[in-house]
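Student: the following comprises the amino acid sequence and a computationally predicted model.
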Amino acid sequence: MSVDRRAPHRSLTVLVDACRRPLFVLVLFLALVASPAAADGTLKLVGGFGTVDEGSDLSIDDPRLADAVDSSYDLGFRFGLAYTWAFTDRFGLELEYLYSTNDLDSVELADGQVFEDGNYASVTISANGRWTLRPEAAWRPYLGAGIAWVQEVDIDFERANEEISFETDDVGFQIFAGVERDVGDRWTLDVQLRWLSVSGLEMEAEERFGGTVEADYEPLSLLVGVGWRF
């Protein structure tokens, strides 16, 4: 009987490909927080708005485009889920899934070409530590920091019938500060300012194209969360 030694490699490839899909990651996130080990925590739905670094240092290596010299993005929106395990009244660990997108306002290339449509978007999964400063207060301020896996980040340039997309994944860090309040026996309200930084991104074009985009991805987000404490 012959053994296909490539089977483990195929299985690993399928798993890695699945993990790159936002829907798969979201289902996995929900399965984790719904498990018995996730008891005594808070599940939170978050949403809000944010900006992204203007990206004036975007570097484009593409056979159809000259180097970018300036770019800007509109105010974008955010939404996602977070689960916090509270180990003490001051310290907790948080797992978060967040989708972010900002529409392209304009990008002007060195040769005068201009794109006035497109977007800059990401799916981020982060593990954070969270420290509550005044756990006895009605409004409880807190600080936090963590490691963020940007599971997918992509930038699109669009005009007329032309669309050029670049994407990759990478790891960065984030810091945040916020305030939380109980609004019932189990409900909480949360307002937070969060900054994510992923430097040295190298996004590759879709297969049918060539070229890369190098950039630093640094979104700043204002988030509002409604939580349910288990």
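Tutor: Received, thanks.
Student: worst-scoring helix or strand of this protein, pLDDT-wise?
Tutor: Least confident element among the helices and strands of the chain, by mean pLDDT, DSSP states H and E: helix 7-19 (a mean of 43).
Student: can you check the pLDDT for the closest residue to L95 other than its chain neighbours?
Tutor: Take L95 and drop its neighbours on the chain: the residue closest to it by Cβ to Cβ, 6 or more residues apart in numbering is Y83, 5.1 Å away. Where you see a C-beta, it was placed from the backbone N, CA and C, and this is true even at glycine. Residue-level confidence at Y83 comes out at 90, pLDDT.
Student: my read: Y83 touches K44, true?
Tutor: Yes - when contacts are counted by Cβ atoms under 8 Å, Y83 is listed as touching K44 (7.2 Å).
Student: what sits against the residue most central in space within the chain?
Tutor: Compute the mean C-alpha point of the chain, and by Cα atoms, centre = their mean the closest residue is T124, 2.8 Å away. Counting by Cβ atoms under 8 Å, 6 or more residues apart in numbering, T124 makes contact with E96, Y97, L98, Y99, S100, A148, W149, V150, Q151, L196.
Student: can I get the buried part of the residues you listed as one PyMOL selection?
Tutor: A single PyMOL command selects the buried members of these (16 or more other Cβ atoms under 10 Å):
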select buried, resi 96+97+98+99+100+148+149+150+151+196
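Student: strands - which of the contacts of T124 land there?
Tutor: Mapping the contacts of T124 onto strands (DSSP state E) picks out E96, Y97, L98, Y99, S100, A148, W149, V150, Q151, L196.
Student: correct me if wrong: the second one contacts F79.
Tutor: No - counting by Cβ under 8 Å, Y97 does not reach F79; the two are 9.6 Å apart.
Student: who is G225 paired with across the strands?
Tutor: Legend: beta-bridge partners of G225 under DSSP bridges are V46, D190.
Student: so which bits of the helix or strand W228 falls within are buried?
Tutor: For W228, the host element (DSSP states H and E) is strand 220-229. For strand 220-229, burial by neighbour count (16+ other Cβ under 10 Å) applies to S221, L223, V224, G225, G227, R229.
Student: which residues touch that strand?
Tutor: 41-52, 78, 82, 84, 98, 100, 178, 180, 186-196.
Student: for ChimeraX, write the selection for the buried entries among the residues you listed.
Tutor: Those of these that count as buried under 16+ other Cβ under 10 Å are selected in ChimeraX with:
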select :41,42,43,44,46,48,50,52,78,82,84,98,100,178,180,188,189,190,192,194,196
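Student: tell me where this structure has strands.
Tutor: 41-51, 59-61, 68-73, 76-86, 91-109, 114-115, 117-132, 139-159, 162-182, 187-205, 212-217, 220-229.
Student: mind listing residues that contact stretch 199-208?
Tutor: 62, 153-155, 164-168, 170, 172, 211-217.
Student: just the buried ones out of the residues you listed, please.
Tutor: So, by 16+ other Cβ under 10 Å, the buried ones in those are 62, 153-155, 164-168, 170, 172, 211-213, 215, 217.
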